[in-house]
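S.K.: structure here, sequence nowhere to be found:
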């Protein structure tokens, strides 16, 4: 990888230097204006500094978009008058040949032209880690663009920017493809250029695909028994304590906490601390008989919350043990606790492993640290399970709310709508 800086009197001159030295495949990493008569610029007029990079090892991404082309290319051609070199009839689709290097030149050239139009002051030094991060992001964007191009898919600019935004936020590929397909079906001509309309429709489509959120059933005359399961470190104990604290504000004398975690170091001490803070009893049970005894001892309790030990998604023996314990307890439902920072694949593995339980709901933790909520939204859509709560902090009580996933969608797409305004 080559990373170089170029200083010139103006942006066109600097970009010409980049082209001559690195070629049209160069990626602009940073631009800034250097004020005149300072230690970085001894001239009497301001200068422009451009930092560019070129990775000679970067190869064209593989073509794996036949399914996407079947679904989207015909719609794009019909709805947006797209002319493609490739046939769009499903029965005649064939994988296109590998793309040559010249395939990338128009896209790379457009990036340089965009930098020429929109160079802004930026006085921060370029750190290597930031350069690497930016390169990874640019490679992902270019790979997606090349994949669409190789599949004969040319999207309207606003829809393309929205699609890239959803990708960058971690939303699953098939969900993005479904949204794009429905937008192409539902909008025509100028409507596809209306950024606000496209964003609003995208929000609506994603919200429609989400299962409705459901918090724990309200305490009534019949006792409710809720189990908490998930991988180690997901935040089961803290989530249980937060829920207990919320109900304890009104019915402290009717709530019991039970822990069955005999693996994690400090698990019992943590549970005891939470119980003392909330002001509710804590019991320990490691087998079915102990659970039966506890439930008999607290017959008047209206809410029993059972915290289980962490289970890896492939530890079938541990999952079966937890199932047996909660079956003996007569659990009304199970909260599948998922770390919001985990990958979508890991979330889906845990959800699949939890299928041994009948009544399940999703509970996402560490949402205050989540920057890209796409994995959380995708897990909810793919599983079809309702989301009960979102935990956004470690303090007890507090920092927990009903699992209103549509808010996450609005934040994600709303941000996309704002970013589209700057896309020209």
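M.R.: It's in. Bear in mind that the values here come from a model prediction, so they are computed numbers and not experimental data. Residues are numbered from 1 along each chain as shown.
S.K.: the stretch 101-250 of the chain: strands as residue ranges?
M.R.: Here the stretch 101-250 of the chain has its strands, by DSSP state E, counting those that start in this stretch, at 224-230.
S.K.: in it, what spans have low per-residue confidence?
M.R.: Scanning the stretch 101-250 of the chain for pLDDT under 70 picks out 101-154, 215-220.
S.K.: same check, this time on the stretch 301-424 of the chain
M.R.: Along the stretch 301-424 of the chain, the parts satisfying pLDDT under 70 run over 415-424.
S.K.: do that again at 90, thanks
M.R.: 301-302, 308-313, 315-318, 321, 356, 358-359, 371, 393-404, 407-408, 410-424 (pLDDT under 90).
S.K.: domains in this protein, by residue range?
M.R.: Following automatic domain parsing, one finds the domains of the chain at 2-154, 224-403.
S.K.: what's the end-to-end length of the longest one?
M.R.: If I follow you right, that is domain 224-403. 20 Å (Cα to Cα, to the nearest Å).
S.K.: same question, stretch 306-323
M.R.: Taking Cα to Cα, the first and last residues of stretch 306-323 lie 12 Å apart.
S.K.: tell me where the stretch 301-424 of the chain has strands.
M.R.: For the stretch 301-424 of the chain, applying DSSP E, counting those that start in this stretch gives strands covering 303-307, 333-339, 360-365, 387-391, 400-402.
S.K.: right, so of these, which gets closest to residue 49?
M.R.: Residue 49 lies closest to strand 333-339 among these, at 41.8 Å (Cβ to Cβ). The C-beta positions use only the backbone N, C-alpha and C, and glycine is treated the same way.
S.K.: sheet partners, orientation included, of the closest one?
M.R.: Partner strands and pairing direction for strand 333-339 (DSSP bridges) are strand 224-230 (parallel), strand 360-365 (parallel).
S.K.: among these, which is the most enclosed?
M.R.: Each of these was given a mean neighbour count from mean count of other Cβ atoms under 10 Å, and the largest, a mean of 26, is that of strand 360-365.
S.K.: now do that one and strand 387-391, the angle between them.
M.R.: Here strand 360-365 points in a direction 10 degrees away from that of strand 387-391 (axes from the mean of the first three to the mean of the last three Cα atoms, to 10 degrees).
S.K.: which residues sit against strand 360-365?
M.R.: 214, 228, 234-235, 238-239, 333-340, 351, 354, 376, 379-380, 383, 385-391, 403 (Cβ atoms under 8 Å, 6 or more residues apart in numbering).
S.K.: that older thread, okay if I get the strands of the stretch 301-424 of the chain as CSV plus distance to residue 262?
M.R.: Putting these into CSV (distance: least, Cβ to Cβ, whole Å) gives the following:
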stretch, distance to residue 262
strand 303-307, 11
strand 333-339, 18
strand 360-365, 22
strand 387-391, 24
strand 400-402, 26
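S.K.: residue 7: which of those strands is closest?
M.R.: Using Cβ to Cβ, the nearest of the strands of the stretch 301-424 of the chain to residue 7 is strand 333-339, at 46.3 Å.
S.K.: next, the buried residues of that closest one.
M.R.: Neighbour counts over strand 333-339 (16 or more other Cβ atoms under 10 Å) mark 333, 334, 335, 336, 337, 338, 339 as buried.
S.K.: cool, stretch 190-201 as well?
M.R.: 192, 195, 197, 198, 199, 201.
S.K.: now do stretch 353-362
M.R.: For stretch 353-362, a neighbour-count test (16+ other Cβ under 10 Å) marks 353, 354, 356, 357, 360, 361, 362 as buried.
S.K.: go on, stretch 384-404?
M.R.: Residues of stretch 384-404 classed as buried: 385, 386, 387, 388, 389, 390, 391, 392, 396, 397, 400, 403 (neighbour count, 16+ other Cβ under 10 Å).
S.K.: now swap in stretch 303-319 and tell me
M.R.: 303, 304, 305, 306, 307, 308, 309, 310, 311, 313, 318, 319.
S.K.: then stretch 276-296?
M.R.: Along stretch 276-296, these residues count as buried under the neighbour rule (16+ other Cβ under 10 Å): 278, 280, 281, 282, 283, 284, 285, 290, 291, 294, 295.
S.K.: what of stretch 250-268?
M.R.: When burial is assessed from 16+ other Cβ under 10 Å, stretch 250-268 yields the following buried residues: 254, 255, 256, 257, 258, 259, 260, 261, 267.
S.K.: show only the entries of those residues found in helices.
M.R.: residue 267 (DSSP state H).
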